[in-house]
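A.B. asks: Following is a predicted model, sequence given first.
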Amino acid sequence: MTIFNLLHLIGGLAMFLFGMSYMGTSLEKLGGGKFESILEKMTDSRIKGLLLGAGVTAVIQSSSAVTVMAVGFVNSKIMTLSQVVGIIMGANIGTTITSWILSLTGIESSNIFISMLKPASFTPIMAMIGIAFNMFGKTDKKKNIGSILLGFAVLMFGMEQMSSAVAPLRDVPEFTSLLIKFSNPVLGIIAGALLTAVIQSSSASVGILQALTVTGSITVSSAFPIILGQNIGTCITALISSVGASKNAKRTAVVHLIFNALGAAAAMLLFYGANAVFELPFVDNTVNAADIAVIHTIFNVVATAVLFPFGNQIEKLARFVVRNDDEVKESVLVEERFLMTPAYAIEKVKEQCDAMARLAKDNTLLCIDFVKSYSHTKDEKISKNEKILDAFEDELETYLVKISSMNLSMEDSVNISKLTHAIGNFERIGDYGVNILKTKRQMHKDSIHFSDSANKELTVMSKAVTEIIEKAVAAFIDDDIRLASTIEPLEQVINNLKAELRERHSRRMENGECSIENGMLFFDIVNSFERIADHCSNLAVCIIELSNRSYQTHSYLKGAKSKSNRSFMKTFEMYLDKYKIS
């Protein structure tokens with residue numbers, strides 16, 4: 001083997017790993033977080049979890065990704081430890097599909113139809129189609145399909161390159177003698193585990209083993225322990241992911257390790273025990289890529305079938321390994337582990353934004369109630385909720401910045417913009433609600449009261465502000481463009497109310513009905529009402545404009561408020577009559 005063969009091997013390995021990663025990422029984008037959502041919603045039984053884990057892993061071609069996602073599910077309390085045991089078992093079966101796809105490189109036949117199944121025959125066509133979709137596709141879906149085809153083509157080219165690079169090793173005695181050493185179960189398991197731990201992909205390490213079969217030096221006795229080790233080595237990704245997570249999340253990673261370690265131990269006892277008793281005739285037979293796929297599949301299916309009934313015991317063992325202590329871990333709003341799937345991470349942020357929206361609405365409506373009377377109990381509750389809103393803003397905005405740095409589809413980018421604007425507006429709505437609370441708190445402390453006419457006017461405006469908050473929050477949560485379009489006319493009415501209330505109260509001050517201090521407090525409340533309505537308007541414009549892949553606030557508002565816009569004027573006049581001060 002020359003230096004050029006080594007360079008070809010390194011190049012092939014690089015193409016192989018890149019193709020696998022690129023294809024998996026593109027599959028995730030095409031799925032748009034749907035695979036994770038399916039796992040989350042349909043794991044009420046362990047057998048269902050096993051089937052779903054196998055199915056999702058087969059599609060996204062990564063058992064590591066599925067197990068890391070399982071760690072995230074448990075850490076964020078979306079799932080229980082018991083629910084993810086089935087998913088982890090299923091992931092081991094699903095990952096075997098990759099080895100079957102890679103085994104196609106070993107097809108040899110003079111039949112043209114069978115030869116067309118060989119990757120070297122059809123991957124160039126796939127690559128050209130993929131490039132065409134990527135360059136000329138006008139939708140994210142077509143571009144993602146193109147990326148999947150390209151990733152698969154590069155993966156297969158890398159596999160072919162590795163196989164051709166290592167083929168000369170069949171004539172190198174030193175290499176043959178090295179592989180014979182892996183027939184030792186301990187050495188084979190260590191080698192397989194280390195290789196997989198380094199590249200963090202059992203599918204990739206199995207592919208490398210399949211490529212080495214072209215040397216004719218890989219036997220059943222050397223391949224078997226390496227495959228067992230590969231299954232153990234793939235656990236490293238989930239174990240690393242669980243660092244700093246909750247106890248149950250750590251247990252999830254430990255379940256993965258226990259399951260694969262017990263499966264490997266059981267397989268060793270069965271295989272080497274049978275060989276010792278019956279002297280299996282095929283132990284020293286050389287294997288090809290398809291044989292590796294067969295061994296890999298049989299091992300994972302049999303191990304799962306044997307250990308599946310003991311799922312509860314494996315869970316208990318994981319709880320024994322990772323014991324409870326007095327530490328109370330602060331829960332997180334969104335899981336860092338979900339960042340590996342941006343679309344799903346955005347979906348989780350949207351769920352938390354919905355919770356933030358409801359809290360901002362409820363807290364602000366509590367503040368508005370203070371216009372009528374002060375309550376010390378409500379004061380404490382509002383202050384506590386305001387701290388929670390601030391925590392929502394800090395954590396969700398930081399998380400969205402991390403997602404923004406990733407390779408996103410146009411739809412994901414639009415959703416991030418919408419969520420970012422929403423978070424800021426909800427936080428400011430909460431702030432202006434607290435401003436009302438502070439004003440009423442001071443009035444209560446200094447025994448200051450408004451006149452009956454002033455209170456009546458504030459009641460009318462507070463009802464209008466209550467309605468606009470409820471509409472804005474509902475429009476955001478349901479992404480309701482029609483409802484969002486009714487917010488701007490109401491905001492205009494609230495602007496008019498602000499001007500009218502300021503004018504009326506100024507006259508009361510001039511007539512000596514109210515003091516200057518009283519007047520300033522009244523203006524503070526009115527201004528806070530108007531600013532709350534402004535942020536509800538900002539939210540509505542964001543919902544409407546980003547749905548059209550645009551965000552031209554001024555041009556939208558100019559067109560919406562035009563007197564020629566009959567729909568706007570009709571709704572505006574309706575609200576004007578509804579919130580008229582008598």
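C.D. replies: Noted; the coordinates are in hand.

A.B. asks: tell me which helix or strand of this protein sits lowest on mean pLDDT?
C.D. replies: Lowest on mean pLDDT, DSSP states H and E among the helices and strands of the chain sits helix 553-560, with a mean of 61.

A.B. asks: For the longest helix anywhere in the chain, enumerate the helices and strands it packs against.
C.D. replies: Counting residues, the longest helix found in the chain (DSSP state H) is helix 410-445. Here helix 410-445 touches helix 342-369, helix 376-404, helix 516-547, going by 3 or more Cβ pairs under 8 Å, 6 or more residues apart in numbering; DSSP states H and E. Where you see a C-beta, it was placed from the backbone N, CA and C, and this is true even at glycine.

A.B. asks: what about I403, distance to L419?
C.D. replies: I403 sits 9 Å away from L419, going by Cβ to Cβ, to the nearest Å.

A.B. asks: Now do the shared contacts for those two.
C.D. replies: Common neighbours of I403 and L419 (criterion: Cβ atoms under 8 Å, 6 or more residues apart in numbering): 346, 349.

A.B. asks: quick one: low-confidence ranges for the stretch 201-350 of the chain?
C.D. replies: By pLDDT under 70, the weakly predicted segments of the stretch 201-350 of the chain are 325-332.

A.B. asks: Helices along that one, start to end?
C.D. replies: For the stretch 201-350 of the chain, the helices defined by DSSP state H, counting those that start in this stretch cover 202-212, 220-233, 235-241, 247-278, 289-307, 311-321, 342-369.

A.B. asks: same for the fourth one, what does it pack against?
C.D. replies: Taking 3+ Cβ pairs under 8 Å, 6+ apart as contact, the helices and strands that helix 247-278 lies on are helix 63-75, helix 81-94, helix 185-199, helix 220-233, helix 235-241, helix 289-307, helix 311-321.

A.B. asks: To I145, which of those lies closest?
C.D. replies: helix 63-75 (19.6 Å; Cβ to Cβ).

A.B. asks: which helices and strands does that closest one pack with?
C.D. replies: The contact analysis (3+ Cβ pairs under 8 Å, 6+ apart) places helix 63-75 against helix 34-41, helix 46-60, helix 81-94, helix 202-212, helix 235-241, helix 247-278.

A.B. asks: Make CSV from the helices and strands packed on helix 247-278 and add distance to T486 to it.
C.D. replies: Compiled in CSV, the helices and strands packed on helix 247-278 are given as follows (distance: least, Cβ to Cβ, whole Å):
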stretch, distance to T486
helix 63-75, 38
helix 81-94, 42
helix 185-199, 55
helix 220-233, 58
helix 235-241, 45
helix 289-307, 55
helix 311-321, 51
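
A.B. asks: Let me know which of those is tucked in deepest.
C.D. replies: Burial of the helices and strands packed on helix 247-278 is given as mean neighbour count (mean count of other Cβ atoms under 10 Å); helix 63-75 ranks first at a mean of 28.

A.B. asks: okay, it in PDB with CA atoms only?
C.D. replies: C-alpha atoms of helix 63-75 as PDB (Å, rounded to 0.1, in the frame of the first residue of the first chain):
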ATOM      1  CA  SER A  63     -29.300   6.100  16.400                       C
ATOM      2  CA  SER A  64     -27.000   8.700  18.200                       C
ATOM      3  CA  ALA A  65     -29.400  11.500  17.200                       C
ATOM      4  CA  VAL A  66     -32.400   9.600  18.500                       C
ATOM      5  CA  THR A  67     -30.800   8.700  21.800                       C
ATOM      6  CA  VAL A  68     -29.600  12.300  22.400                       C
ATOM      7  CA  MET A  69     -33.100  13.500  21.600                       C
ATOM      8  CA  ALA A  70     -34.400  11.000  24.200                       C
ATOM      9  CA  VAL A  71     -32.100  12.400  26.800                       C
ATOM     10  CA  GLY A  72     -33.500  15.900  25.900                       C
ATOM     11  CA  PHE A  73     -37.100  14.600  26.200                       C
ATOM     12  CA  VAL A  74     -36.500  13.300  29.700                       C
ATOM     13  CA  ASN A  75     -34.400  16.300  30.800                       C
END
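
A.B. asks: Tell me where the model's unsure across the chain.
C.D. replies: For the chain, the stretches with pLDDT under 70 are 1-2, 32-33, 35, 40-44, 106-117, 169-180, 325-332, 549-564.

A.B. asks: hmm, back to that, relative to Y399, which of the helices and strands packed on helix 247-278 is closest?
C.D. replies: Within the helices and strands packed on helix 247-278, the stretch nearest Y399 is helix 63-75; the backing value is 12.8 Å (Cβ to Cβ).

A.B. asks: related to what we said a few turns ago, for T571, find the nearest of the helices and strands packed on helix 63-75.
C.D. replies: Nearest of those (Cβ to Cβ): helix 34-41, 36.4 Å.

A.B. asks: and the gap between the residue nearest to L365 when sequence neighbours are not counted and D362?
C.D. replies: Nearest residue to L365 in three dimensions, chain neighbours excluded: T466, at 6.1 Å (Cβ to Cβ, 6 or more residues apart in numbering). With distances taken as Cβ to Cβ, T466 is found 11 Å from D362.

A.B. asks: ditto for V243
C.D. replies: Using Cβ to Cβ, we find V243 at a distance of 37 Å from D362.

A.B. asks: Neighbour count: the two, which is higher?
C.D. replies: A direct count of neighbours by other Cβ atoms under 10 Å for V243 and D362 places D362 higher, at 16 against 9.

A.B. asks: who's in contact with the more buried one?
C.D. replies: When contacts are counted by Cβ under 8 Å, 6+ apart, D362 touches N385.
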